[in-house]
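Enquirer: task: produce atomic coordinates for the following.
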Amino acid sequence: MYTCWEMYRCTSKQRGTRTEGHSDRGTLRQRDIQAKKHAGKETCGQRDTQKKPPQRAQERHEHSQSPARPTPSQRQSGLSRIIDGSELLAAAARLAMALLVQKFGGTSVADVERIQAVAARIAASRDEGHELVVVVSAMGHTTDELTGLARAISSNPPQREMDMLLATGEQVSIALLSMALHALGVPAVSMTGTQAGIITESAHGRARILEVRSERIRRLLDAGQVVVVAGFQGTSGGAAGTPEITTLGRGGSDTSAVALAAALGASACEIYTDVPGVLTTDPRKVADAQLMAQVSCDEMLELASLGAAVLHPRAVEIARNYGVPLVVRSSWSDAPGTRLTSGAARPIGHGGLELGKPVDGAELDADQAVLALSHVPDRPGVAATLFEALGAAGLNVDLIVQATHEGASNDIAFTLAAAQRDRAELICREVLLTMGAQLASTADGDGARLSAEAGMAKLSISGAGIMGRPGVAARLFDTLARSGINLRLIATSEVKVSCLVAGHQGAKALRAAAEAFELHDAQLQHNPQTCDLGDPPVRGVALDLGQAQVAVRRVPDRPGTASSVCRALADAGLSLDAIVQSERTHNGAKDMSFTLKREELQRAEQALQPLLLQWPGSHFEQGPAIARVSAVGAGMPCTAGTAARMFRALADAGINIELIATSEIRTSCVVAEADGVRALQVVHGAFGLGGAVQHRAQGSEAPV
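Expert: Numbers count the residues shown, from 1 in each chain. This is a model prediction of the structure:
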């Protein structure tokens, strides 16, 4: 049986699209394929010969006045009557028609000329026989302009009224695009999110999609219409069941498109943007950024959450969870772009399209060791020297954290296999002496300190969009705290949260996590294989200039502290990124550091204030302006020296690292804001991600 990726590849050849992968398209298309294979086993190339040449505008107009295309039920009943070669050819022609969802961003529809170009592209796709649902953003930077108008009237406008205002931007673009299609003789109808059946929760400004009631869209498709849907918006039940317009937040049009593709069982979702696809980094900042032919959804989730603006994390999350074939392409060319690889399709559950279980697995790595260095010199090259020495000795480090510091010293902790602890401890001592750092003779003495502890275990939960849902990490920490399990080290990302715990409590921690997130035995793993040796250690690099660094000083060093901090922020709807616990103690207290969105600083301080008042001596501290540069790659866990290579590139450029946070497939470094772009450039170059071809962005894509 052909997969929908194979069908999409075959039916997209005229547009130059190369795609592979798998996901079911639906019963009708599967039966078409089976009937065709049984009768003659045509190839993709043979199917291409059955396509009709593109129609001219007048011919399309005449076609739009002709009887509607057969409905799916009519096409299905026709299959049972295939008895000779002519009917087989007719079935093959029907098979060539794929249902595609295409999304065009703000830059792609920024003016009349571009809207007409998009209409021509859509018309060409329809001429190839495809059924089309098109999702569009507001024109250019309309959303920003409307936001500016609101702020000119009120510094704090009601969020409901903001949704009413911002939703008008997409209504303009869908109407104009539908008019442009009609001018080409293509039957099209525009629909708001409400008319398209996009049902959301009631959270104005950041609503998540619960379901897509697609009956009306399907009827229009069966009638031969191109359906043009406003992205970024939907409708909720509201108070007492009264419908309310809602918006999905920044990046909402991407989310709308992939959600529609999942609900409709589309062959693929194509995201058209102002760059050729997913690049190794932002071409506006690094001139030799190269196009990725493919990238996994987990890697894309990390890159998107870390600053890569080409796709919104929520859109990638839906594609990953429901097996939607996703392609990112340029609106200005027919190049194939980048395809995102994900698992097999799965049905949408009763919990809601975007509100399903965020955690789909848990794992326990036993026999781990942690080494901690505190009061080490704070200067460029320290981390690079340390991890280069460990890599040269063949030691593969797993998690790495470097805490924020007071004064001219740093704390660094890392994990590796327990069998490598003694060798790693010896290397750490040698490196400290080489750097001129004297080891303290007593726990309270002056100088650097080194500790090594085996008998640890790493508990991890995995899923999609974990850090985008503030309550997930908090629930894990709550669960472990109630079980009396202390967290020695924490690592967080969009696809995984890991905690280092005492080895004898590892099994207990895994059982507690499984119960908290309703995981069954098949979703639990012990000492899993971390990666495929064929994956690159670094596939892309991202820069985020919108983060702020925060520390909560002198919090109790006991079970439940991390849980309490994360719960207070989660209850305020705030998501953390890097969470780092300092290695140094102050009379039974430690420091915690984390990063979050800069615009959420004030809300974070307000949310934590009641909690910190319960801990005498604790206080909230905002750090200096920062930038976060991150390297992401599925092969990182099984490639020794990857982090050291990144640290060395920054050190050689004279860039000091203020904070380090790693997860399984990413390494992030916080640097001074002024060093952000230069840090991105040197890390990109260090991993040889550049190339001779230069890809130019066509503009600044609108935020939604």
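Enquirer: flag the shaky bits of the chain, pLDDT-wise.
Expert: Counting by pLDDT under 70, the ranges of the chain that qualify are 1-96, 238-240, 404-408, 438-446, 530-533, 698-704.
Enquirer: quick one: the helices in the stretch 601-704 of the chain?
Expert: Applying DSSP state H, counting those that start in this stretch to the stretch 601-704 of the chain gives helices spanning 601-613, 642-652, 676-686.
Enquirer: bridging residues for the closest residue to residue 456 other than its chain neighbours?
Expert: Take residue 456 and drop its neighbours on the chain: the residue closest to it by Cβ to Cβ, 6 or more residues apart in numbering is residue 368, 4.3 Å away. Just so you know, the C-beta spots here come from the backbone N, C-alpha and C atoms, and that holds for glycine as well. Here residue 368 sits in beta bridges with residue 417, residue 456, going by DSSP bridges.
Enquirer: pretty sure residue 368 is touching residue 420, no?
Expert: No. Counting by Cβ atoms under 8 Å, residue 368 does not reach residue 420; the two are 10.1 Å apart.
Enquirer: which of the two has more residues huddled nearby?
Expert: residue 368 (25 against 19; other Cβ atoms under 10 Å).
Enquirer: gap between that one and residue 399?
Expert: To residue 399, residue 368 is 9 Å away according to Cβ to Cβ, to the nearest Å.
Enquirer: hang on, the earlier thing: what's the closest of the helices of the stretch 601-704 of the chain to residue 268?
Expert: When the helices of the stretch 601-704 of the chain are compared by Cβ to Cβ, helix 676-686 sits nearest residue 268, at 29.4 Å.
Enquirer: would you map the helices across the stretch 251-400 of the chain?
Expert: Ranges of helices within the stretch 251-400 of the chain are 252-264, 297-305, 313-322, 382-392, based on DSSP H, counting those that start in this stretch.
Enquirer: redo the ones you listed as CSV? Include distance to residue 498 and mean neighbour count.
Expert: What follows is these, written out as CSV (distance: least, Cβ to Cβ, whole Å; neighbours: other Cβ atoms under 10 Å):
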stretch, distance to residue 498, mean neighbour count
helix 252-264, 27, 29
helix 297-305, 14, 28
helix 313-322, 19, 28
helix 382-392, 19, 21
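Enquirer: now distance to residue 126 too, for these, in CSV please.
Expert: Formatted as CSV, those follow (distance: least, Cβ to Cβ, whole Å):
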stretch, distance to residue 126
helix 252-264, 16
helix 297-305, 29
helix 313-322, 24
helix 382-392, 54
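Enquirer: mind checking which of those is nearest residue 648?
Expert: helix 382-392 (4.1 Å).
Enquirer: quick revisit: joint contacts of residue 368 and residue 399?
Expert: 415, 458, 500 (Cβ atoms under 8 Å, 6 or more residues apart in numbering).
Enquirer: need the buried ones from those residues selected in PyMOL.
Expert: Applied in PyMOL, the following selects the buried portion of the shared contacts of residue 368 and residue 399 according to 16 or more other Cβ atoms under 10 Å:
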select buried, resi 415+458+500
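Enquirer: next one: stretch 656-668 to chain centre, how far?
Expert: Centroid separation for stretch 656-668 versus its chain: 17 Å, with Cα atoms, centre = their mean, to the nearest Å.
Enquirer: thinking again about what came up before, nearest to residue 179 among the shared contacts of residue 368 and residue 399?
Expert: The nearest one, if we look at those relative to residue 179 and count by Cβ to Cβ, is residue 458, at 57.2 Å.
Enquirer: in a strand, that's where that closest one is, yeah?
Expert: Yes. Counting by DSSP: H, G, I helix; E, B strand; the rest coil, residue 458 is part of a strand.
Enquirer: in contact with the residue nearest to it when sequence neighbours are not counted, which residues?
Expert: Counting by Cβ to Cβ, 6+ apart, residue 458 lies nearest to residue 365, which is 4.2 Å off, once chain neighbours are set aside. Counting by Cβ under 8 Å, 6+ apart, residue 365 touches 398, 457, 458, 460, 527, 528.
Enquirer: again with residue 261
Expert: 101, 268, 269, 324, 326.
Enquirer: please indicate which of those are buried?
Expert: Among the contacts of residue 261, those scoring as buried are 101, 268, 269, 324, 326 (criterion: 16+ other Cβ under 10 Å).
Enquirer: nearest to residue 476 among the residues you listed?
Expert: residue 324 (27.4 Å).
Enquirer: these two touch, right, that closest one and residue 262?
Expert: Yes. Assessed by Cβ under 8 Å, residue 324 is found in contact with residue 262 at 5.2 Å.
Enquirer: residue 186 contacts residue 125, doesn't it?
Expert: No. Contact criterion Cβ under 8 Å: residue 186 and residue 125 do not qualify, at 10.0 Å.
Enquirer: more crowded one of those two?
Expert: Comparing residue 186 with residue 125 by other Cβ under 10 Å, the one with more neighbours is residue 186, at 25 against 22.
Enquirer: is there a quick PyMOL command that grabs whichever of the contacts of residue 365 are buried?
Expert: Buried members of these, defined by 16+ other Cβ under 10 Å, are picked up in PyMOL with:
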select buried, resi 398+457+458+460
